[in-house]
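Q: Need a 3D model of the following:
(2 chains)
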Amino acid sequence: MNNKTNITLIALFLTYSINSYAQNTIQGFVSDTSNTSLYDVNVVLINPTNNNIVNYTFTDKNGKYKLEVEGTGLFQISYSHISHIKKVIEIELTENQKSYHLDAVLKHSSFYINEIIVQSEIPMVVKEDTISYKTKHYTQGNEKNVEELLKKIPGLQIGKEGTIKIGNKEIEKLMVEGDDLFEKGYKILSKNMPAYPIEEVEVLNNYSNNRLLKDVEESNKVALNLKLNEKSKRIWFGNIDVSVGNNSHYLHKGNLMNFGKKNKYYFFTNLNNIGYDATGDINHLIRPFSHNEPSSIGDNQQVNNLLNLSQSNLNIRQDRTNYNNAKLASFNTIFNLNEKTKIKTLGFFNWDKTNFYKHTTELINLDNTSYTNKEDYLLENKHDIAFSRIDITHNISKTKMLNITTKYNNGDFHDNSNLIFMVLLQLRA
Amino acid sequence: MKNISIIITFFFVGNLSSFGQSSHSAIYGKISYEQILNFDNNPKSDTFNLFINPEFSVFEQTRVASTESATIKPSSDDELDFSFDIKLNGSKYIVYTNFEEKTIQSQESVFKDREHQTYIVEEKQTDIQWDILNEHKMIGDFDAQKAIGVFRGRTYTVWFTSQIPVKYGPWKLNGLPGLILNVCDETNEVMFIVIDIEIPRISTSSDTRVKFRFNKSIERITLSEYLKMKEEQVDEVNKLFMSKLPRGASVEITNVKANVIELDYEQ
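A: Okay, here's the model as predicted:
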């Protein structure tokens, strides 16, 4: 025999033997006590060791069924029908026997259900402009922070840096129980707040920053609101970063937050001498509303600056030339006194000392003369700033709201500059 | 506006060998579901009733859907985003599954000849290959088990309960050894949630029959005819749109996206 026939024969043998491996057939007839065949009986084959459904079928119009099973051992077959009592029969499948016959007789019973299912299960509820998602339907329980939880909610896209978008629109703010401290700086919250206390995520479409302008102003803004479950109220969370570099450079950052249903606290601190200006981070806290928002009156008033010595503009990145020693600490709180009144406080202190040194050499060559200009410029800025702001909002009625803002700003600026200018003249005879 | 009315006829065929019991209607029961469709982050919910019976099941919308809506939004400087909702104008979405004959008939609406037309689409019932997992959870008072199956382009995760030993479920999903209670697809765009279950006392007279019939005046079409009409809808809307533009204007369709439950058909 040549090789081809050999292989074909072996293949045939192999397939034949695989097919005949323990493929059992169980068939039978299901009827009721008066020997009438029962149609549409659920015939389910269960593995009793783990209660897994191995296979299932339904009886046909004549009450007959056929099930195919692989393997041997002890199994259970359950026969259930809506107007009859369920019956479970044990069957043992052995090596020797391939086809089995099993009949069942079911006793009639009256079956009725009048049940209203409690719908706390509905994972998503739509109400006008608000869509609320019940988080427990979407989470697996292993989400560490809010950002990871939001990734699981359908319709939300979280970018690589943590930018939260709905469709292709970035959210205006990420609120917790209706309160917000960060505006567009929400990443501090989404990356640090733990996910477990969050019960619901609400997507607010056509969002207005000012409650009174809702449905009045043309808005396609969108915002998120996280609702906490009752139990987890007083949780403190945050992160602290301590970094030390060469030449005694350091960067220490810390965020500490507590977002309860009634009161919210946020502490933020940044100490560094690597040139980083942390006040940019809290700019939105000092001046919360963007300037073209309706109804932000008087927020941009400030004392006039008479004299300001600062380093000249160079083409080098700001943080590479900012030799500073900055300490910034900021405290923010929101108190919900009652349903109608809210007090928001913000305080920050900033101490900074920057040193700037510039040396300039100019070489000028003319026909008979050449001269060199040298300039040595030394600038030292020291400032102490204390800033605080209190916002009191009182909702008088659905259409009236009273908002009082008080700002206190105290700054001490010391600027010291030293300039030495030298000219070297060279005459050539 | 065409006024389409549906007549659902239940009649009882008298039984010959009477047990002497009252011939109460032998509908197995009525289960109501909430259908939540979430396309493009625009969720819509609707309530449906599933009437089940030994031979067939009827999945019917409870309220007539709201009138159609169409929106035009600029998506970039010279492109417009035109989206329209095909809503049944006066008629409900009904799916009738006949398990004996293994057919499904559904009342669908198509935009054709400048208006909504209703058709009864007839198709064969396909057996869904369910993968039953050993995960359980309580839904209401019932012990529900998880199963996963693929049907027409979507992977559905369903929870069914063998405590109600019927093979029915919402819409076109069935074939499990128990009533399907909750359905959610992989993309979270299609969801069915059970709201309440009412199974009246089953009478012992097994001969009482119940029948269902769609309105005779509605045209019956096959599934392939329906699919063809659905594709032509885009052209129909385009024609309607063009007729409202001034002479000489031209429209180029760059992208079409259909937000439907069935994405892929077997053939």
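
Q: now the strands for the stretch 251-400 of chain A?
A: For the stretch 251-400 of chain A, the strands defined by DSSP state E, counting those that start in this stretch occupy A:263-272, A:326-336, A:341-365, A:369-395.

Q: quick one: the first one to chain centroid distance?
A: What separates the centre of strand A:263-272 from the centre of its chain is 20 Å, taken as C-alpha atoms, centre = their mean, to the nearest Å.

Q: could you give me the average pLDDT of that strand?
A: Across strand A:263-272, pLDDT averages out at 88.

Q: Adjacent strands (with direction) for it?
A: strand A:250-259 (antiparallel), strand A:326-336 (antiparallel) (DSSP bridges).

Q: Dump it to PDB, keeping only the CA atoms.
A: The C-alpha coordinates for strand A:263-272 follow below in PDB (Å, rounded to 0.1, in the frame of the first residue of the first chain):
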ATOM      1  CA  ASN A 263     -20.300  68.700  53.900                       C
ATOM      2  CA  LYS A 264     -17.400  68.500  51.600                       C
ATOM      3  CA  TYR A 265     -13.700  69.300  52.400                       C
ATOM      4  CA  TYR A 266     -10.800  69.700  50.100                       C
ATOM      5  CA  PHE A 267      -7.200  70.400  51.100                       C
ATOM      6  CA  PHE A 268      -4.500  70.900  48.600                       C
ATOM      7  CA  THR A 269      -0.900  71.700  49.100                       C
ATOM      8  CA  ASN A 270       2.100  72.000  46.800                       C
ATOM      9  CA  LEU A 271       5.700  72.700  47.900                       C
ATOM     10  CA  ASN A 272       8.300  72.800  45.200                       C
END
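
Q: Run a quick neighbour tally on the residue lying closest to A:L419 once chain neighbours are set aside.
A: Leaving out its chain neighbours, the residue that sits closest to A:L419 by C-beta to C-beta, 6 or more residues apart in numbering or on different chains is A:Y377, at 5.2 Å. Every residue, glycine included, has its C-beta placed from N, CA and C. If you count neighbours by other C-beta atoms under 10 Å in any protein chain shown, A:Y377 ends up with 16.

Q: Please apply the same query to A:L309.
A: When neighbours are defined as other C-beta under 10 Å, A:L309 has 12 of them.

Q: Please list all residues in contact with residue 229.
A: Going with chain A. Contacts of A:N229 were listed using C-beta atoms under 8 Å, 6 or more residues apart in numbering or on different chains, and they are A:P197, A:I198, A:E199.

Q: try again with chain B
A: Contacts of B:M229 (C-beta under 8 Å, 6+ apart): B:V110, B:K112, B:Y119, B:I221.

Q: ok so, going back, narrow the contacts of A:N229 to those in strands?
A: Judged by DSSP state E, those include A:I198, A:E199 as members of strands.

Q: Which of the helices and strands in chain B ranks last by mean pLDDT?
A: None of the helices or strands of chain B scores lower by mean pLDDT, DSSP states H and E than strand B:70-76, at a mean of 52.

Q: Tell me which residue is most central in chain A.
A: Geometric centre of chain A, nearest residue: A:E147, 2.0 Å, by C-alpha atoms, centre = their mean.

Q: Tell me the residues on the stretch 101-250 of chain B that lie near chain A, please.
A: Proximity of the stretch 101-250 of chain B to chain A (C-beta under 8 Å from any C-beta of the partner chain) is limited to residues B:132, B:134, B:139-141, B:145, B:162, B:164-167, B:176-178, B:181-182, B:184, B:187-189, B:191, B:193-202, B:204, B:206.

Q: Count the residues that sit near A:Q157.
A: For A:Q157, using other C-beta under 10 Å, the count is 15.

Q: Check which helix or strand residue 132 maps to.
A: This is for chain A. strand A:130-134 (DSSP states H and E).

Q: look at chain B instead
A: Going by DSSP H and E, B:I132 is in strand B:130-139.

Q: hey, what's the residue nearest to A:L419 bridged with?
A: Beta-bridge pairing for A:Y377 (DSSP bridges): A:K358, A:L419.

Q: And for the one 5 residues further on?
A: Taking DSSP bridges, one finds A:K353, A:H414 as the beta-bridge partners of A:K382.

Q: Is it correct that A:Y56 falls within a strand?
A: Yes: membership of A:Y56 in a strand is supported by DSSP: H, G, I helix; E, B strand; the rest coil.

Q: What residues does it make contact with?
A: A:N42, A:V43, A:V44, A:L45, A:L67, B:I132, B:L176, B:P177.

Q: Phi first, then psi, for the spatially most central residue of chain B.
A: Against the mean C-alpha coordinate of chain B, by C-alpha atoms, centre = their mean, the closest residue is B:W171 at 4.5 Å. Per-residue torsions, B:W171: phi 60, psi -120 (degrees, to the nearest 10).

Q: Show me which residues of chain A sit near chain B.
A: So chain A meets chain B at A:36, A:39-42, A:44, A:50-53, A:56, A:58, A:61, A:80-83, A:86, A:108, A:110-119, A:121-124, A:126, A:131, A:154-155, A:166-167, A:203 (C-beta under 8 Å from any C-beta).

Q: Try it again at 6 Å.
A: A:42, A:44, A:52-53, A:56, A:80-83, A:110, A:112-117, A:122, A:124, A:126, A:131, A:154-155, A:167 (C-beta under 6 Å from any C-beta of the partner chain).

Q: just the buried members of those?
A: Buried subset of those (neighbour count, 16 or more other C-beta atoms under 10 Å in any protein chain shown): A:42, A:44, A:53, A:56, A:80-83, A:113, A:115, A:117, A:122, A:124, A:131, A:155.

Q: Select, from the residues you listed, the two members most distant in space.
A: A:S83 and A:G155 (43.9 Å; C-beta to C-beta).

Q: Columns distance to A:H137 on top of the strands of the stretch 251-400 of chain A, output as JSON lines?
A: Output for those, formatted as JSON lines (distance: least, C-beta to C-beta, whole Å):
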{"stretch": "strand A:263-272", "distance to A:H137": "27"}
{"stretch": "strand A:326-336", "distance to A:H137": "29"}
{"stretch": "strand A:341-365", "distance to A:H137": "31"}
{"stretch": "strand A:369-395", "distance to A:H137": "33"}
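
Q: That's all I had, so thanks and see you.
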